[in-house]
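1. Would you be able to build a 3D model of this:
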Amino acid sequence: MGKATTVTQRAGLVKWFGAQSYEAQEKVLEELAGIFERGKAGKIKALEAELAALKGQGVVRGAAPKSVVSKPAPQKGTKKAVAAKASVLAGRKIPPKYRHPKDKTKTWAGRGVHPTWVTEYLKGGGKLDSLLIKK
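-> Numbers count the residues shown, from 1 in each chain. Just a heads-up that it's a prediction; the model follows:
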């Protein structure tokens, strides 16, 4: 059914389909599935041809969707290449380095953004060194 199909045409088709026997409905569905698969295969071929054309043109920035354009990889030894490489320690748990002065259950490892309790303590005039856990 194309865009020109009206609601009344669709309703009539549904009514007609519902009036058919199970076997007739099954046949119609098989035919429709075949039509759908051929249309799908044609669409896939068209998209693959378009993608091949984009790859063959050496797509320039702004000429294609972002998903098609890729950034060149940073060269080895540059700062960007070093920054792009994931840290060996990424994701590892480390022991806490700082502890809340009153609520001993609140701790912070010293990584990332200050927790709220640390920010409040510092705003109150406290020093970060005074929160260090003594070993």
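2. Which other helices and strands does the longest helix along the chain contact?
-> In the chain, assigned by DSSP state H, the helix with the most residues is helix 22-56. Using 3 or more CB pairs under 8 Å, 6 or more residues apart in numbering; DSSP states H and E as the contact test, no helix or strand touches helix 22-56. Glycine gets a C-beta too; all of them are placed from N, C-alpha and C.
3. What mean pLDDT does it get?
-> What helix 22-56 shows for mean pLDDT is 92.
4. L131 - nearest residue in space that isn't next to it in sequence?
-> Residue nearest to L131 in three dimensions, not counting chain neighbours: Y98, with 4.2 Å by CB to CB, 6 or more residues apart in numbering.
5. Return the set of residues that bridge with the one you found.
-> With beta bridges defined as DSSP bridges, Y98 has these partners: W108, L132.
6. Now for it, how many residues are close by?
-> By other CB atoms under 10 Å, the residues close to Y98 number 21.
7. Is G126 part of a helix or strand, or is it coil?
-> coil (DSSP: H, G, I helix; E, B strand; the rest coil).
8. wait, what's in contact with it?
-> Residues near G126 by CB atoms under 8 Å, 6 or more residues apart in numbering: P101.
9. how much space is there between it and V118?
-> According to CB to CB, to the nearest Å, G126 stands 9 Å off from V118.
10. L131: neighbour count?
-> The local packing of L131 (other CB under 10 Å) involves 20 other residues.
11. How about the contacts made by it?
-> Here L131 is in contact with 98-101, 108, 118, 121 (CB under 8 Å, 6+ apart).
12. Kindly write the ChimeraX command that selects the buried subset of those residues.
-> Buried members of the contacts of L131, defined by 16 or more other CB atoms under 10 Å, are picked up in ChimeraX with:
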select :98,99,100,108,118,121
